[in-house]
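[1] Fold the following for me, if possible:
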Amino acid sequence: MSEADNAGAGREEIWLEQYRPESFSDIVGQESIVERLESYVTRDDIPNMLFAGPAGVGKTTSAVAIAKELYGADWEEHFLELNASDERGIDVVRDRIKSFARTSFGGVNYRIIFLDEADALTSDAQSALRRTMEQFSNNVRFILSCNYSSQIIDPIQSRCTVFRFSPLSDEAIERQVRRIADDQEIELTDDGMEALIYVAGGDMRAAINGLQAAAVTGGVVDEEAVFEITSTARPEDIEEMVTLALDGDFTASRTQLDRLLTEEGIAGGDIIDQLHRSVWEFGLDDEAAVRVLDRIGEADYRITEGANERIQLEALLASLALED
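    Predicted coordinates for the structure are as follows:
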């Protein structure tokens, strides 16, 4: 083995890429969508598509799988991937997309342009994209990926077949994570698996990255390792903070919040996300749950607009503590 090979062998491979599905049969948790995509590929006549859904649920993987199924080993020659969040302006549509669409090619009926995070494109860029889709409809198919389809203008949506990807089920995530853990010979405990599922929240990328990060020390991957490495609060800590506030003990609730922010190093935005995900798991009555959700929504909006995270979280707890 050469010196270069030795260096390559010593590097840690990113598991997310190592275990990325190569074909439709490897994609988990999106069976109905995969079935529809396979039918298009079998006919070799795919339409323009819009993949909408949260992060880490298989949108990019599905687009790449389509290209591999259609073009085989030469798929990269006929597949252009762009990230709209990096290049949001009209120039990316006018230049890179049009340049690829005009390039001569042979042996295939059409090429594929995959535009990830298309909801980050400006309105002008989306309008230019719509005209480009019309201009090159004979030799190019577009696959657009977004988190929120409402941010895509109607003229583009009407030109696409829409596929709505849902968050992956706990079972789908567990099946894939356990397969990777077995392949890497990692000791993964049951509570560690539950913690990974909780941290992921339906996002396969988060689950796999969490597993690799927790396993880097070579020790057992358990609940403590997962929560520590992912800087995620334990559900019971979030529940205690909210319960104290609802019981009127603002001081104790604020102390718990301070511990999560300073000692645990958890970001305020992540606490908001965990609060929202966990409200219905706290055993609260409907009235209390509605109050908490209302305050969460208000705090989230203000933080998004640039307000101080700590102040907004303390105001959220104070408002809960002051309610009868």
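
[2] thought residue 60 was touching residue 117?
    No: the pair residue 60 / residue 117 is not scored as a contact, 9.9 Å apart, by C-beta atoms under 8 Å. The C-beta positions use only the backbone N, C-alpha and C, and glycine is treated the same way.

[3] Common neighbours of the two, please.
    residue 145 (C-beta atoms under 8 Å, 6 or more residues apart in numbering).

[4] what's around residue 73, how many residues?
    7 (other C-beta atoms under 10 Å).

[5] tell me the SS of it?
    Of the three states, residue 73 takes helix according to DSSP: H, G, I helix; E, B strand; the rest coil.

[6] Repeat that for residue 163.
    Under three-state DSSP, the three-state class of residue 163 is strand.

[7] Now do the same for it: its pLDDT.
    Here, the pLDDT recorded for residue 163 equals 95.

[8] how deep is it tucked in, by neighbour count?
    Neighbour count for residue 163, taken as other C-beta under 10 Å: 20.

[9] Does it touch residue 33 like I think?
    Yes: Residue 163 is in contact with residue 33 according to C-beta under 8 Å; the separation is 5.3 Å.

[10] Need the residues touching each of those two.
    Common contacts of residue 163 and residue 33 (C-beta under 8 Å, 6+ apart): residue 62.

[11] Kindly format the C-alpha coordinates of stretch 116-133 as CSV.
    The C-alpha coordinates for stretch 116-133 follow below in CSV (Å, rounded to 0.1, in the frame of the first residue of the first chain):
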residue,chain,number,x,y,z
ASP,A,116,-31.6,22.2,-3.4
GLU,A,117,-33.2,24.6,-0.9
ALA,A,118,-35.1,26.3,-3.8
ASP,A,119,-37.3,28.2,-1.3
ALA,A,120,-34.2,30.4,-0.6
LEU,A,121,-34.3,31.8,-4.1
THR,A,122,-35.5,35.4,-4.4
SER,A,123,-38.8,36.1,-6.2
ASP,A,124,-36.9,37.4,-9.2
ALA,A,125,-34.7,34.3,-9.4
GLN,A,126,-37.8,32.1,-9.2
SER,A,127,-39.4,34.0,-12.1
ALA,A,128,-36.3,33.6,-14.1
LEU,A,129,-36.3,29.9,-13.2
ARG,A,130,-39.8,29.5,-14.4
ARG,A,131,-38.9,30.9,-17.8
THR,A,132,-35.8,28.7,-18.0
MET,A,133,-38.0,25.6,-17.3
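
[12] residues touching residue 112, list them.
    Per C-beta under 8 Å, 6+ apart, neighbours of residue 112: 46, 63, 66-67, 70, 78-80, 140-143.

[13] Repeat that for residue 61.
    So residue 61 contacts 20-21, 27 (C-beta under 8 Å, 6+ apart).

[14] if you set the cut-off to 6 Å instead, what comes out?
    Neighbouring residues of residue 61 by C-beta atoms under 6 Å, 6 or more residues apart in numbering: residue 21.

[15] One more: the one 10 residues further on?
    Counting by C-beta under 6 Å, 6+ apart, residue 71 makes contact with residue 78.

[16] For residue 50, see how far away it is.
    Distance, residue 71 to residue 50, by C-beta to C-beta, to the nearest Å: 21 Å.

[17] What is the neighbour count of the closest residue to residue 167 other than its chain neighbours?
    Of all residues not flanking residue 167 in the chain, residue 202 sits nearest, at 2.6 Å (C-beta to C-beta, 6 or more residues apart in numbering). The local packing count at residue 202 equals 22, with neighbours defined by other C-beta under 10 Å.

[18] which element is residue 202 on?
    Residue 202 is part of no helix or strand, with elements assigned from DSSP states H and E.

[19] How about residue 81?
    In the assignment (DSSP H and E), residue 81 maps to strand 79-83.

[20] Can you list the neighbours in contact with stretch 229-236?
    199, 210, 213-214, 227, 260, 265-266, 274, 278.

[21] got the phi/psi numbers for the residue nearest to residue 167?
    Phi and psi for residue 202, reported as degrees, to the nearest 10, are phi 90, psi 0.

[22] could you pull out the strands for the stretch 51-200 of the chain?
    79-83, 111-116, 140-146, 161-164 (DSSP state E, counting those that start in this stretch).

[23] Output those as TSV; include the columns distance to residue 298.
    Below are those laid out as TSV (distance: least, C-beta to C-beta, whole Å):
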stretch	distance to residue 298
strand 79-83	32
strand 111-116	32
strand 140-146	26
strand 161-164	28
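
[24] helices and strands of this protein: which one has the lowest mean pLDDT?
    Using mean pLDDT, DSSP states H and E, the weakest-scoring helix or strand in the chain turns out to be helix 3-10, at a mean of 41.

[25] Remind me what whichever helix or strand comes after it packs against, helices and strands.
    Using DSSP H and E, the helix or strand that follows helix 3-10 in sequence is helix 15-18. Other helices and strands packing on helix 15-18, by 3 or more C-beta pairs under 6 Å, 6 or more residues apart in numbering; DSSP states H and E, are helix 204-215.
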